[in-house]
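# Here's a sequence, model it:
(one chain, ligands or ions: 1)
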Amino acid sequence: MANLISKRKLADALRYRSNIISLSEESEDDEVLAIEPPKKRTRSTSPVPRTVRNPSSASATNNGSRHGGPNGTYNSYRSPPSPPRHTTPVQPSANQTQKLSPWGKRSPYAHRMKESKLPQNSAPETIPRSSTQRLISVDIPSKNVPFRPSQGPASPTHTTPKQVTNTKPRIEVVVSPSRRLLDSFRGHKPEPIQRRRKNMLKELKKGPIAALKNPQEARELFGSCFQDFNRPKSDDVHEQRMKELASKKARKVTRTKLPSDQGLDLSMRKLGLGGELVHPAEAAQQILTSRFEEYMNPPLTFVNDVNERRLNGKFQFVDRYVFSCPGIKTAPPSTNYGCDCLSCHSSECLCFRKDWKDEATGQKYTKQVRTYTRRSDGLVVLSEEYIDRELDPSARHFEITECNELCRCGPGCYNRVVGNGRTLPLEIFETANCGFGVRSTKNIAKGQFIDLYLGEVITEEELRNREDAAAEDEPSYIYTMDWFGGDSYHIDGKNFGSAMRFANHSCNPNTRSFIVQIHKGDKRVYYLPFFAIKDIAAGTEITIDYKSKDDDDHLNAEAIAGVESGDADLADGLIRCHCGEKNCRKFLWKPGVKARRRKRKPE
Ligand SMILES: C[S@@+](CC[C@H](N)C(=O)[O-])C[C@H]1O[C@@H](n2cnc3c(N)ncnc32)[C@H](O)[C@@H]1O
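Coordinates of the predicted model:
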């Protein structure tokens with residue numbers, strides 16, 4: 001019965017005995033080899049292997065066969081092929097012969113290893129002396145030259161038992177050694193990285209000791225995740241303290257003894273969050289503000305020197321209307337038109353012309369309304385006459401119509417103030433009595449454009465839904481676009497808006513909203529910009545008057561009377577005004593969001 005040992009072990013054995021085997025670099029497999037003394041080969045039922053018609057088919061047909069195995073005289077597949085003895089219609093090519101074993105990749109005798117109960121780790125000592133004595137010893141001409149034993153067949157022919165008995169007893173070995181084996185003959189080579197990795201990983205699964213013992217190796221095998229293993233131990237007392245607290249032995253340590261801020265800070269630093277601790281809500285606000293700043297030029301900033309209050313996290317700054325409500329229709333661009341001026345002049349330009357009809361008499365009127373004017377320093381502001389008329393309750397009021405993209409004048413035209421966007425830096429800040437307010441860090445000239453009132457454009461139906469859902473004491477951020485009459489849309493600045501959404505009320509305001517139309521055909525979606533109606537020094541709060549002329553002034557009169565007479569019912573629920581102006585009306589409005597809705601209607 002064949003004694004089977006692995007190639008590696010055989011190689012070791014042979015090296016140990018200074019005996020020779022032939023080597024091939026073809027296979028990476030550590031195949032099991034047969035060492036079969038000639039005497040015992042007679043036991044084989046079929047000393048001649050099956051006919052190998054075609055090496056590839058041989059591989060398939062013979063693989064795993066218990067019978068018809070080799071007779072123990074196969075040579076290296078590097079041996080020059082010779083015609084098989086048995087009828088072989090297809091001659092295997094030299095190439096094929098090199099690559100294929102008659103058994104295929106693995107010897108069918110491999111399983112016998114288990115049956116034979118041969119010790120698995122058959123080191124050189126496990127080979128019986130009698131066997132080794134029968135080995136033929138041949139010198140290797142050169143380490144790297146493939147070697148074929150000088151005795152025995154030169155090709156994979158199959159010797160008969162008779163032939164064997166005529167020769168000296170010997171063991172012939174067919175070896176298809178692995179590259180590793182060859183390397184071991186050539187000299188020491190480092191273990192492949194995959195194997196080293198596998199071995200260390202096995203150790204690491206048990207614990208980090210392997211990596212701690214050999215950090216260099218760990219880093220080499222697993223990269224930067226082990227870079228801290230050879231880091232000198234930190235003498236940071238807090239880190240030490242944290243470790244103590246984390247260990248089971250340190251249960252006696254009171255966690256409260258650890259300064260929480262430092263401990264937390266350490267954890268944050270370890271997580272790479274580092275630096276100052278920031279409340280999540282504040283962080284969210286900072287992100288919102290900083291994001292807005294990124295595309296806002298000039299800047300929009302936030303400061304609070306009074307308390308810890310921050311902007312509501314749900315609020316988002318926008319620089320245009322938000323059309324989130326279904327059913328909103330804007331006029332198509334095709335309905336827009338522009339002027340033909342190369343250089344617009346308020347006395348001639350179509351955009352400055354206002355047409356109206358007297359409802360009582362039916363008479364039509366046309367007027368060139370001088371809305372904007374360019375100052376000597378180049379700043380474009382509202383004209384004095386326009387501001388005066390708009391502030392005069394008895395006068396006819398006119399909207400501003402700016403030049404648009406269809407006008408022949410270029411972007412430098414002075415009739416493009418709101419269309420060119422905000423130019424002043426604005427700052428949201430905490431006021432003394434009215435919550436957040438807005439101011440500019442620059443002086444503002446009378447008539448200068450400050451900012452648009454922006455928000456979601458919503459329908460009347462949506463407004464009613466929102467008002468019904470709102471609490472009675474909730475601030476209102478609604479402006480109604482009813483300048484041209486008819487069904488109106490509303491601007492809700494609660495969740496989305498501009499800096500003007502933070503403008504507080506004053507009974508003596510320094511700004512006012514005006515009506516600006518850029519799309520000349522759109523009577524429902526226009527703009528509500530705020531302009532200074534007096535010079536405003538840098539840092540002064542920008543204020544507006546929440547109440548329009550047609551609001552219920554009698555409410556204030558009644559409330560004031562009620563407060564003065566001690567009638568609590570009359571004053572009940574009214575929101576007190578904190579503007580502090582001499583002409584203060586004392587109350588903002590009556591509770592109830594509908595009562596608070598601010599309007600601008602044509603006079
Ligand atoms: C449009 S918000 C203005 C921004 C607001 N201050 C904030 O902190 O968000 C309107 C609210 O501001 C407050 N407010 C504005 N002007 C006020 C005034 N003159 N007196 C008292 N409260 C005022 C009221 O609570 C009102 O409901």
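
# Number of residues surrounding residue 470?
Residue 470 sits with 16 neighbouring residues when counted by other C-beta atoms under 10 Å. In this view, the C-beta of every residue, glycine as well, is placed from N, C-alpha and C.

# Residue 483 and residue 526 touch, don't they?
Yes. Taking contact to mean C-beta atoms under 8 Å, the distance of 6.8 Å between residue 483 and residue 526 places them in contact.

# gap between residue 544 and residue 506?
7 Å (C-beta to C-beta, to the nearest Å).

# repeat for residue 384
Using C-beta to C-beta, one obtains 22 Å as the distance from residue 384 to residue 506.

# so where is the stretch 201-350 of the chain shaky, pLDDT-wise?
Within the stretch 201-350 of the chain, the segments meeting pLDDT under 70 span 223-296.

# swap in the chain?
By pLDDT under 70, the weakly predicted segments of the chain are 1-190, 223-296, 472, 548-574, 589-603.

# Can you tell me which residues in it are near the ligand?
When proximity is defined by C-beta under 6 Å from any ligand atom, the chain lies next to the ligand at 434, 435, 436, 475, 477, 502, 504, 505, 577, 578, 579, 588.

# picking up where we left off before, what residues are shared contacts of residue 483 and residue 526?
Taking C-beta atoms under 8 Å, 6 or more residues apart in numbering as the contact rule, residue 483 and residue 526 both touch 399, 515.

# Next one: residue 411 from the ligand, what distance?
Residue 411 sits 33 Å away from the ligand, taking C-beta to the nearest ligand atom, to the nearest Å as the criterion.

# same thing with residue 360?
Plainly put, residue 360 is 38 Å away from the ligand if you go by C-beta to the nearest ligand atom.

# tell me the SS of that residue?
coil (DSSP: H, G, I helix; E, B strand; the rest coil).

# One more: residue 201?
Going by three-state DSSP, the secondary structure assigned to residue 201 is helix.

# ok, now the one 3 residues further on?
Under the three-state scheme (three-state DSSP), residue 204 adopts helix.

# Please enumerate the helices of the stretch 501-603 of the chain.
Counting by DSSP state H, counting those that start in this stretch, one finds helices in the stretch 501-603 of the chain at the ranges 553-565, 568-571, 593-596.

# Sorry, wrong one. I was asking about the stretch 251-400 of the chain.
Counting by DSSP H, counting those that start in this stretch, the segments of the stretch 251-400 of the chain that form helices are 260-270, 280-295, 384-391.

# okay, now the residue nearest to residue 482 when sequence neighbours are not counted: neighbour count?
Of all residues not flanking residue 482 in the chain, residue 488 sits nearest, at 4.1 Å (C-beta to C-beta, 6 or more residues apart in numbering). Applying other C-beta under 10 Å, we find 17 residues neighbouring residue 488.

# Touching, residue 488 and residue 463? I think so.
No. Look at residue 488 against residue 463 with C-beta under 8 Å: they stay out of range, at 9.4 Å.

# coming back round to it: quick one: which of the residues of the chain next to the ligand is nearest to residue 412?
Ranking the residues of the chain next to the ligand by separation from residue 412, with C-beta to C-beta as the measure, puts residue 502 on top at 31.9 Å.

# That closest one contacts residue 431, correct?
No. With contact defined as C-beta under 8 Å, residue 502 does not count as touching residue 431 (9.5 Å).

# Now the common contact residues for these two.
With contacts defined as C-beta under 8 Å, 6+ apart, the residues adjacent to both residue 502 and residue 431 are residue 437.

# got the contact list for the closest residue to the ligand within the stretch 301-450 of the chain?
Residue of the stretch 301-450 of the chain nearest the ligand, by C-beta to the nearest ligand atom: residue 435 (2.7 Å). By C-beta under 8 Å, 6+ apart, the contact list for residue 435 reads residue 504.

# try residue 306
Listed by C-beta under 8 Å, 6+ apart, the contact partners of residue 306 are 430, 432.

# For it, give its distance to residue 506.
As it turns out, when the distance is counted by C-beta to C-beta, residue 306 lies 19 Å from residue 506.

# can you check residue 478 too?
Between residue 478 and residue 506 the distance, using C-beta to C-beta, works out to 19 Å.

# Repeat that for residue 342.
In this structure, residue 342 and residue 506 are separated by 43 Å, where distance is defined by C-beta to C-beta.

# Among these two, which residue is more densely surrounded?
It is residue 506, of residue 342 and residue 506, that has more neighbours when counted by other C-beta under 10 Å, with 23 against 10.

# Isn't that one up against residue 543?
Yes. The pair residue 506 and residue 543 passes the contact test of C-beta under 8 Å, sitting 3.5 Å apart.

# And residue 193, its phi and psi?
Its backbone dihedrals place residue 193 at phi -60, psi -30, with angles given as degrees, to the nearest 10.

# tally of neighbours for it?
Counted with other C-beta under 10 Å, the neighbours of residue 193 add up to 10.

# Once you drop chain neighbours, what's closest to it?
Counting by C-beta to C-beta, 6+ apart, the nearest residue to residue 193 once its immediate chain neighbours are dropped is residue 221, at 6.8 Å.

# doesn't the one you found fall inside a strand?
No. Counting by three-state DSSP, residue 221 is located in no strand; its state is helix.

# Kindly tell me how buried it is, as a neighbour count.
Neighbours of residue 221 (other C-beta under 10 Å): 19.

# Then residue 381?
Residues within reach of residue 381, counting by other C-beta under 10 Å, total 21.

# Verify the stated contact: it with residue 444.
No. Residue 381 sits out of contact with residue 444 when judged by C-beta under 8 Å, with a separation of 9.9 Å.

# the strands in the stretch 251-400 of the chain, which residues?
Under the criterion DSSP state E, counting those that start in this stretch, the stretch 251-400 of the chain carries strands at the ranges 300-302, 316-317, 353-357, 364-368, 372-374, 380-382, 400-401.

# Name the stretch among those strands that sits most buried.
Of all the strands of the stretch 251-400 of the chain, strand 400-401 carries the top mean neighbour count, a mean of 24, counting by mean count of other C-beta atoms under 10 Å.

# next SSE after that strand?
On the C-terminal side of strand 400-401, the nearest following helix or strand under DSSP states H and E is strand 426-430.

# SS state for residue 437?
Reduced to three states by three-state DSSP, residue 437 is strand.

# contacting residues for it?
Under the contact definition (C-beta under 8 Å, 6+ apart), the residues listed for residue 437 are 428, 429, 430, 431, 502, 503, 504, 541, 542, 543.

# Top of those by number of neighbours, please.
Most surrounded of the contacts of residue 437: other C-beta under 10 Å gives residue 542, at 26 neighbours.

# Could you verify my assumption that that one touches residue 436?
No. No contact is recorded between residue 542 and residue 436 when judged using C-beta under 8 Å, the distance being 11.8 Å.

# Residues contacting stretch 406-414 from elsewhere in the structure, which ones?
Here stretch 406-414 has contacts from 336-344, 351, 372-374, 380, 403, 415, 420, using C-beta under 8 Å, 6+ apart.

# Pull out the buried positions in that stretch.
Applying a neighbour-count criterion of 16 or more other C-beta atoms under 10 Å, the buried positions in stretch 406-414 are 407, 409, 413, 414.

# and of those residues, the nearest to residue 514?
Set against residue 514, the nearest of the buried residues of stretch 406-414 by C-beta to C-beta is residue 414 (16.1 Å).

# Please report phi then psi for residue 209.
In terms of degrees, to the nearest 10, the main-chain angles of residue 209 are phi -60, psi -40.

# what number of residues lie near it?
Applying other C-beta under 10 Å, we find 10 other residues in the vicinity of residue 209.

# Report the contact partners of it.
Listed by C-beta under 8 Å, 6+ apart, the contact partners of residue 209 are residue 203.
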